[in-house]
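**Q** pasting a predicted model and its sequence here:
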2 protein chains.
Amino acid sequence: MVDPDSDDRLLGAIELMYFTYRAFTSHADKILEKRGLNRVHHRVLYFIGRNPELTVGELVETLAISKQALNAPLRQLTEMNLVCAAADPADRRVKRLSLTKKGKGLEAELTASQMKRLTAAFDAVGADDADIWFRVMAELCGRSGGTGPAPKGSAP
Amino acid sequence: MVDPDSDDRLLGAIELMYFTYRAFTSHADKILEKRGLNRVHHRVLYFIGRNPELTVGELVETLAISKQALNAPLRQLTEMNLVCAAADPADRRVKRLSLTKKGKGLEAELTASQMKRLTAAFDAVGADDADIWFRVMAELCGRSGGTGPAPKGSAP
DNA sequence: CCTATAAGTCAATATGGTTGACCCTGATTC
DNA sequence: GAATCAGGGTCAACCATATTGACTTATAGG
């Protein structure tokens, strides 16, 4: 069990990463699809949820897409009453984006399935092993820091 | 440290999954890009590498794309001398695909960067914690079985 | 000989992204 | 107060990647 890092073992780890990520995102994708939404919508919801009062320009920069590419999905989301946009009182050119109640609901629904999967796994292996998982993932992640709250909302 | 699965902690886990996956695949993507290749090429290389003598039809089915979508990338790969195709002696309609020496080299290069990242993390945390990581990931993956070799080559 | 199958190809279409140019509105500055 | 700048929205052209459908070619096999 404590053998070194054989190639087979590492190959297994690569596949495990792939499949776990897939399993992790597939349910959210299905929920989105049912509403005619895609990952851009998801990312928009996510970022606005984590950073309320975000501006359109900041969102464009964060998502690293063009404003034309953002425009349509964002408009859909506001039309679906998931996101609301209000002019900044200090500078009425800028739009401050935030989630509506409905938007928060959907965003919560999306992360809920992932949380459920996580808690199931963590409960199955126990709290100590869960802590270790966090440490290994942090190492794998590069920024080997702890569970630090991440730059300022950046996934999914 | 052994507190329950708080939402903040779970949110952290979600971001960790996302960023780790990104970090995990980004280097391979860069290598591919330098050669004008993309993820389809990567997946083709991967599957042929894991399942030599694969046929075109099987590859289409495995990748779950249309044969038209596969055709161009596959042709490029054979023209670049990374994949070789030979008629099956028993049934000359079917093409048996396998990696050339060059193809194996590229495929190895692609997984090498991921293996390097894995071994670095596993070495940093120790063999016991690495074992635990495998167990937790297997749980998260759904098929909570062990490190089982996966259906028959299925990532990336 | 005739038919079914593996593979390759052409064409039309959809999606989702890009860049460039331009407009509107509200700040800022002289 | 007029000129200019910045945030945001929109139109158009274009590109990449995928799809489906219809067809061809070559081979297998009753």
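**A** Now that the structure is in, tell me what you want to look at. Numbering: from 1, shown residues only, chains lettered A, B, ... in the order given.

**Q** so where do the strands sit in chain A?
**A** Taking DSSP state E to define them, one finds strands in chain A at A:54-55, A:83-87, A:95-99.

**Q** touching chain B at all, the last one?
**A** No - with C-beta under 8 Å from any C-beta of the partner chain as the measure, strand A:95-99 is seen stopping short of chain B, the closest distance being 15.2 Å. Quick note: C-beta positions are derived from backbone N, CA and C, even for glycine.

**Q** got the angle between that strand and strand A:83-87?
**A** 150 degrees (axes from the mean of the first three to the mean of the last three C-alpha atoms, to 10 degrees).

**Q** for the longest helix along chain A, the distance to its chain's centre please.
**A** Counting residues, the longest helix in chain A under DSSP state H turns out to be helix A:7-34. Centre-to-centre, helix A:7-34 and its host chain are 15 Å apart (C-alpha atoms, centre = their mean, to the nearest Å).

**Q** contacting residues for the residue in chain A that DNA strand D sits nearest to?
**A** Relative to DNA strand D, the nearest point of chain A is residue A:57 (2.7 Å; C-beta to the nearest atom of the strand). Contact analysis of residue A:57 by C-beta atoms under 8 Å, 6 or more residues apart in numbering or on different chains lists A:67, A:94.

**Q** what does residue A:95 give?
**A** Contact analysis of residue A:95 by C-beta under 8 Å, 6+ apart lists A:55-56, A:85-88.

**Q** rerun at 6 Å
**A** Contact analysis of residue A:95 by C-beta atoms under 6 Å, 6 or more residues apart in numbering or on different chains lists A:56, A:85.

**Q** report pLDDT for the residue of chain A closest to DNA strand D.
**A** With respect to pLDDT, residue A:57 has a value of 97.

**Q** from residue A:95, how far off is residue A:75?
**A** 12 Å (C-beta to C-beta, to the nearest Å).

**Q** can you redo the strands of chain A as a markdown table with distance to residue B:24?
**A** Shown next, in a markdown table, are those (distance: least, C-beta to C-beta, whole Å):
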| stretch | distance to residue B:24 |
| --- | --- |
| strand A:54-55 | 28 |
| strand A:83-87 | 31 |
| strand A:95-99 | 30 |
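
**Q** for residue B:13, which of those is the nearest?
**A** In terms of C-beta to C-beta, the element of the strands of chain A nearest to residue B:13 is strand A:95-99, at 21.5 Å.

**Q** which neighbours does that closest one have in its sheet, and in what orientation?
**A** strand A:54-55 (antiparallel), strand A:83-87 (antiparallel) (DSSP bridges).

**Q** quick one: is it near DNA strand C?
**A** No - if you take C-beta under 7 Å from any atom of the strand as the test, strand A:95-99 misses DNA strand C, and the best it gets is 10.9 Å.

**Q** what about that strand and DNA strand D, touching?
**A** Yes - counting by C-beta under 7 Å from any atom of the strand, DNA strand D has neighbours in strand A:95-99: residue A:95.

**Q** fine, thanks again, bye for now.
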